[in-house]
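Participant: quick one, fold the following:
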Amino acid sequence: MMRKAFAVGAAFACVSADQCDTPGSQRQDCGVLGTKQGQCEAKGCCWNPSNDGSPWCFHKGGPGPSPSAKCSLKYTSTGAPFSEDEVAKIRGFFLANIDIQGSGAVVAAPDHNTGPGGDYYFHWERDGALTMDALMRTNPGKVSDVETQLKHYVQWVEKVQNQPDPHGIDIRTEPKYTIPDGKPFAGSWCRPQNDGPGLRGKSLAEFGMALLARGEKGDADFVKEHLWTGTDAKHGGLVKYDLDWQADNWQSTGCDLWEEIQSNDFFWNRYTMRASLMIGADFAEKMGDAASAAKYRNVAKTVEGKLNDHFDGTFVFESQNRRKDAAVIEAFNDGDLNDGLFAPLSKEVLGTVITLNELFCDTFQINQKDTAANIPGILYGRYAGDTYDGGNPWVLLSATLAQLIYRQAGVASKTTVDASTYALLQKAYDIEDGLSGKALGDALMGAGDGVMIRIKHHVEATGLHMAEQITRDEGQMSSAKDLTWNYANVLKALHARGEYALAAITNTIVV
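Facilitator: You can find the predicted model right below:
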């Protein structure tokens, strides 16, 4: 091994000096935080320490093409990126991770991973709530088709909500639980996680409203017994218990979406909290609880007043201690109430897409390789400077970008887009001049299809099984296998594409 490493290093040491004589301002990053000289040179890259903040490990041969030239998202669609059989296969992988052993638990990944992330065989509160939301939203049939899984999830929540917490925090803010017994994870972890109660309450409220709308025998009784009791039983019901915590503690300090840093002001947390409280207020009204509905709406309005502080004039940042973060893109999808705040075609949303396109195009060599090979789209990672397991692109974040683009297509096809918005669309997706109506919508759909095609290109080798990450240089599946959140976001993206197609037929806006 030592001889092989020496030989590789020696070979790259023969690179001519002018290939590495690149000014700091023009260097294209070839490493991640913590990359050493030997690792850098073994990748065929240049190593030259500097004091001006520019990369020490960078690609040979000068600055190369601009980010927009390397990672143009322009793509003319030739059909759905996944066939019906492929979508059914993906959905099968998704369903296999839900209601484990009939317990109602959602496994984050059926993988006792021994890598940097450790064991993924747990029910994460956040992942579970988002998964059940995706189950309802992407279900091609009626609520009865997924009723068993949802009712088992209700039983799961009843179990995990009503037990003592071993870590001195509120049980509702625990990050994850063991399967199938539902006990809080005993080890150290980033605690508390304050987005969980709102996300879980929102998903359960939506299930409750779906049952009330269906109105079959026993539906209302089930909702009154489990989700909103109107009494002290079960703390007022599972939804009320979660959303009461969210309304009372929205300013508290907790962990970020990636369980690494803490703040009391994450955009992801606050934007999704607002949505959870507003949907919870609608549900409370249906259950005859005007006082709770008013409380939730008042708190949501207060939260709303803080959100614009996250827009710096160019992009929406996640927090002061983590600015460029794709958690914001996930929030734009999961927290949007279609009321105009951070709307799909807003300058805030488009500016964030532009910023993250440039960041991840420059960060990941695989994006540049794919573009050079005429594979459309772009792959997104988590945030600037991520080093976890190599700091790679993630399937779920690339898919959430595609979902956002499809939603933008739905709006653009039915809206008169002003010149400033059009300019931002061109910068984000490299679309042509002068498009409007369905032509503009189709151009954006093409950009979304390109992202999904790039994802598909990297998951085909594993038979559409989707691991957590895609290696940043070679584009191979990496980290936890069969991550449930991947499947949820891919299905939500494809569902959004289907809604755009439906909108084009029925002349309605679906976002």
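Participant: contacts and neighbour counts: CA atoms only from here.
Facilitator: OK.
Participant: ok, for Y153, nearest residue in space, not its chain neighbours?
Facilitator: Setting aside the residues directly before and after it, Y153 is nearest to G104 in space (CA to CA, 6 or more residues apart in numbering), at 4.0 Å.
Participant: what's around the one you found, how many residues?
Facilitator: 24 (other CA atoms under 10 Å).
Participant: ok, now A372?
Facilitator: 13.
Participant: so where do the helices sit in the stretch 201-350 of the chain?
Facilitator: Using DSSP state H, counting those that start in this stretch, the helices of the stretch 201-350 of the chain run over residues 219-222, 238-249, 267-286, 290-307, 327-334, 347-363.
Participant: in JSON lines: those, plus mean pLDDT and distance to G434.
Facilitator: Listed next are the helices of the stretch 201-350 of the chain as JSON lines, based on pLDDT from 0 to 100; distance: least, CA to CA, whole Å:
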{"stretch": "helix 219-222", "mean pLDDT": "98", "distance to G434": "51"}
{"stretch": "helix 238-249", "mean pLDDT": "98", "distance to G434": "45"}
{"stretch": "helix 267-286", "mean pLDDT": "98", "distance to G434": "33"}
{"stretch": "helix 290-307", "mean pLDDT": "98", "distance to G434": "33"}
{"stretch": "helix 327-334", "mean pLDDT": "98", "distance to G434": "27"}
{"stretch": "helix 347-363", "mean pLDDT": "97", "distance to G434": "18"}
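Participant: E206 is nearest to which of those?
Facilitator: Nearest of those to E206, taken as CA to CA: helix 267-286 at 7.7 Å.
Participant: coming back round to it: and the residue nearest to Y153, how far from D145?
Facilitator: Distance of G104 to D145, given as CA to CA, to the nearest Å: 15 Å.
Participant: what does E318 give?
Facilitator: 37 Å.
Participant: between these two, who's got more neighbours?
Facilitator: Neighbour count, other CA under 10 Å: between E318 and D145, E318 has more, with 25 against 12.
Participant: next up, the contacts around the more buried one.
Facilitator: Counting by CA atoms under 8 Å, 6 or more residues apart in numbering, E318 makes contact with F266, F267, W268, H310, K324, D325, A327, V328.
Participant: ok, now with 10 Å
Facilitator: By CA atoms under 10 Å, 6 or more residues apart in numbering, the contact list for E318 reads 256-257, 265-269, 310-311, 324-329, 331, 383.
Participant: relative to K217, how far out is L150?
Facilitator: Distance from L150 to K217, by CA to CA: 17 Å.
Participant: what about these two, which has more around it?
Facilitator: L150 (23 against 8).
Participant: ok so the more buried one is a strand residue?
Facilitator: No - L150 sits outside any strand when classified using DSSP: H, G, I helix; E, B strand; the rest coil, being helix.
Participant: and stretch 174-186, end to end?
Facilitator: End-to-end for stretch 174-186, by CA to CA: 10 Å.
Participant: typo on my end, it should be stretch 109-122
Facilitator: This stretch, stretch 109-122, spans 8 Å end to end (CA to CA).
Participant: how distant is that stretch from the center of its chain?
Facilitator: Put simply, stretch 109-122 sits 19 Å off its chain's centre (CA atoms, centre = their mean, to the nearest Å).
Participant: ok, now stretch 36-54?
Facilitator: Relative to its chain's centre, stretch 36-54 lies at 31 Å (CA atoms, centre = their mean).
Participant: quick check: buried residues in it?
Facilitator: Going by neighbour count (16 or more other CA atoms under 10 Å), the buried part of stretch 36-54 is Q37, Q39, C40, E41, A42, K43, G44, C45, C46, W47, S54.
Participant: so of the residues you listed, which ones are in helices?
Facilitator: The members of those that map onto helices under DSSP state H are Q37, Q39, C40, E41, A42.
Participant: turn those residues into JSON lines, including pLDDT and distance to P197.
Facilitator: JSON lines is the format used below for these (pLDDT from 0 to 100; distance: CA to CA, whole Å):
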{"residue": "Q37", "pLDDT": "86", "distance to P197": "45"}
{"residue": "Q39", "pLDDT": "75", "distance to P197": "43"}
{"residue": "C40", "pLDDT": "78", "distance to P197": "43"}
{"residue": "E41", "pLDDT": "77", "distance to P197": "47"}
{"residue": "A42", "pLDDT": "71", "distance to P197": "46"}
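Participant: with distance to A291 added, can I get these in TSV?
Facilitator: Below are those laid out as TSV (distance: CA to CA, whole Å):
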residue	distance to A291
Q37	62
Q39	61
C40	61
E41	64
A42	64
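Participant: relative to F342, which of these is nearest.
Facilitator: Distances from F342 to those, taken by CA to CA, are shortest for C40, at 39.9 Å.
Participant: please enumerate the strands of the stretch 1-150 of the chain.
Facilitator: Using DSSP state E, counting those that start in this stretch, the strands of the stretch 1-150 of the chain run over 46-47, 57-58, 123-124.
Participant: which elements pack onto the first one?
Facilitator: Packed against strand 46-47 by the contact rule (3 or more CA pairs under 10 Å, 6 or more residues apart in numbering; DSSP states H and E) you find helix 37-42, strand 57-58.
Participant: what's the spacing between stretch 203-212 and its chain's center?
Facilitator: With CA atoms, centre = their mean, you get 23 Å for stretch 203-212.
Participant: can you pull the alpha-carbon coordinates of that stretch into PDB?
Facilitator: Written as PDB, here are the backbone C-alpha positions of stretch 203-212 (Å, rounded to 0.1, in the frame of the first residue of the first chain):
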ATOM      1  CA  SER A 203     -48.900  15.100   9.200                       C
ATOM      2  CA  LEU A 204     -51.400  13.800  11.800                       C
ATOM      3  CA  ALA A 205     -53.700  16.800  11.400                       C
ATOM      4  CA  GLU A 206     -53.800  16.200   7.600                       C
ATOM      5  CA  PHE A 207     -54.600  12.600   8.200                       C
ATOM      6  CA  GLY A 208     -57.400  13.600  10.600                       C
ATOM      7  CA  MET A 209     -58.900  16.100   8.100                       C
ATOM      8  CA  ALA A 210     -58.700  13.400   5.300                       C
ATOM      9  CA  LEU A 211     -60.700  11.000   7.500                       C
ATOM     10  CA  LEU A 212     -63.300  13.700   8.400                       C
END
